[in-house]
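Novice: Have a look at this prediction, sequence included:
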Amino acid sequence: MLIKIPQIGKNRNSVAMYKYINHVILVTFCIIHFTSSEFITSLVGSAVLAGGWFKWDFVKDHTVCHFTECCNEKYVPYDLSKLKMSLSQKMFGQPLVGELVNIFTAHKEAVYDTGKQNQKALVISLHGWSGVGKNYASTMIAEALYKNGMKSKFVKLFMGKKDFDCTDLEKSKKDLIAKVNEVVKKCPRSLIIFDEIHDMCPSVLDAIKPMLDHHHAVDGVDYRDSIFIFISNIGGNEIATNLLELYEQGIKRNDVEFHNFEPIIRRTAYHQGGFEKAAAIAHHLIDHYIPFLPLEQHHVEMCALAEFRSHGVYHPSEEMMADALSVITYGPTEDQPIFANNGCKRFTRRIPYVIQKYSQKSRQQNSEL
Ligand SMILES: Nc1ncnc2c1ncn2[C@@H]1O[C@H](COP(=O)(O)OP(=O)(O)OP(=O)(O)O)[C@@H](O)[C@H]1O
């Protein structure tokens, strides 16, 4: 009655077909069990299943993984159409950030397609002023790559200041290795995010250098399918200065390229915060430096509108918009008020307050009538 199932490759169609066959056989076992009450039949069936007729991963995918997050395509779908859509619809004024889709597509092909293999972990570093979308982008990445987004047990976030004790560097390094190891052991396709690298003590990051490099395994764990994202404000000023120079040369914001920013970000980072003299930079282990450009007035207005809409206010009055935007200051200097100093960061708190303030006002006006 049982058909020997061959090794299941990474091909989606064959996985779908085997899922179907597996369901049919399991349902058959259940019918036999419940109609003939021959408990032994299903017991033998289970033993055969567990005995290797099916791959264990395959059986697990259809039992345990219904209830708990597993490291499979259901929970780690790498949904890059979703990422593309989120970035294009919700991220304003960041022309180079869309490239993340191509970067992850290349990584995904080597993770899921047979015959390809990533040679090293994917390492990306996001740079820019505060409030320009770095954390926003990393959340979009987590939500597209993992079904449970930032809450996935395969996504680990470290905060520069909070998570690393600069007074005991050796312990910080040991803890870091153990924590990263633990996540990647659970799922080789894990995402490790280091935020606030500018507040991190130098040399801590060197502890994970072997995990970022071209090794097949480090202490028995293969890191080549994992993703590391570094986030910092380092290089923000240099990005702003470079952008102004490019504008002066007549280059438009949407025409800037990575090479316009990468050398200056690398040079600056190598002397600051957690990147100071970091092996990851010196040994060229960071694959992509992504510049987040400082936002201009019209981008900030788009952010404000989006925030109003997310609170159900689709047509804020001019007065409400002006109130929301009144907290934004522009730089880099008083003589050059071109870029919003804190990007869109202030709106997450400001806009709910503005909505509250104006609805209170209109309630008062109505009651006075
Ligand atoms: N480019 C952008 N397009 C649309 N919304 C944005 C953009 N940048 C920031 N925002 C909004 O501002 C909020 C704060 O941005 P975010 O946390 O990504 O800033 P950040 O660059 O990580 O800043 P920091 O360096 O201070 O952590 C986001 O949640 C989002 O709502």
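Specialist: Structure's in. What do you need?
Novice: Which residue would be the closest one in the stretch 151-300 of the chain to the ligand?
Specialist: residue 233 (5.1 Å; Cβ to the nearest ligand atom). All C-beta atoms are positioned from the backbone trio N, CA, C, and that covers glycine.
Novice: Write out the residues of the chain neighbouring the ligand.
Specialist: Residues of the chain lying near the ligand by Cβ under 6 Å from any ligand atom: 90-94, 128, 130-136, 233, 295, 303, 343-345, 348.
Novice: 5 Å instead?
Specialist: Contact residues, the chain versus the ligand (Cβ under 5 Å from any ligand atom): 91, 92, 130, 131, 132, 133, 134, 135, 136, 303, 344, 345.
Novice: give me every residue that touches the residue of the stretch 151-300 of the chain closest to the ligand.
Specialist: When contacts are counted by Cβ atoms under 8 Å, 6 or more residues apart in numbering, residue 233 touches 127, 128, 129, 130, 198.
Novice: give the contact list for residue 223.
Specialist: Contacts of residue 223 (Cβ under 8 Å, 6+ apart): 120, 121, 184, 188, 211, 212, 215, 217.
Novice: quick one: low-confidence parts of this structure?
Specialist: In the predicted model, the chain carries pLDDT under 70 at residues 1-62, 114, 369.
Novice: Could you list the domains of it?
Specialist: Per automatic domain parsing, the domain ranges recorded for the chain read 12-66, 80-291, 297-368.
Novice: Would you mind finding the most buried of the ones you listed?
Specialist: Among the domains of the chain, domain 80-291 has the highest mean neighbour count (mean count of other Cβ atoms under 10 Å), at a mean of 18.
Novice: ok now that one, how far from the chain's centre?
Specialist: With Cα atoms, centre = their mean, to the nearest Å as the basis, domain 80-291 stands 9 Å off its chain's centre.
Novice: Can you add secondary structure and give the contacts of residue 233 back as TSV?
Specialist: Conversion of those to TSV gives the following (DSSP: H, G, I helix; E, B strand; the rest coil):
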residue	secondary structure
127	strand
128	coil
129	coil
130	coil
198	helix
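Novice: Please produce CSV containing those residues, extended by distance to residue 358.
Specialist: CSV is the format used below for the contacts of residue 233 (distance: Cβ to Cβ, whole Å):
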residue, distance to residue 358
127, 37
128, 32
129, 29
130, 27
198, 37
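Novice: How about residues contacting stretch 86-94?
Specialist: 97-98, 100-101, 132-133, 136-137, 140, 143-144, 253, 292-293, 295-296, 299, 302-303, 306, 344.
Novice: what do you get if the cut-off is 7 Å, keeping everything else the same?
Specialist: Here stretch 86-94 makes contact (Cβ atoms under 7 Å, 6 or more residues apart in numbering) with 97-98, 100-101, 133, 136-137, 140, 144, 292-293, 295-296, 299, 302-303, 306.
Novice: just stretch 174-183 next, same as before
Specialist: Stretch 174-183 is contacted from outside by 154, 156, 190, 192, 204, 207, 208, 211, 219, 221, using Cβ under 7 Å, 6+ apart.
Novice: how about the residues you listed, which pair is most distant?
Specialist: Largest separation among these by Cβ to Cβ: 154 and 204, giving 22.3 Å.
Novice: how far away is the residue of the stretch 251-369 of the chain found nearest the ligand from residue 211?
Specialist: Among all residues of the stretch 251-369 of the chain, residue 344 sits closest to the ligand, at 3.6 Å; criterion: Cβ to the nearest ligand atom. Taking Cβ to Cβ, to the nearest Å as the measure, residue 344 falls 33 Å from residue 211.
Novice: Then residue 168?
Specialist: 21 Å.
Novice: ditto for residue 118
Specialist: Taken as Cβ to Cβ, the span from residue 118 to residue 211 is 13 Å.
Novice: Okay then, goodbye and thanks.
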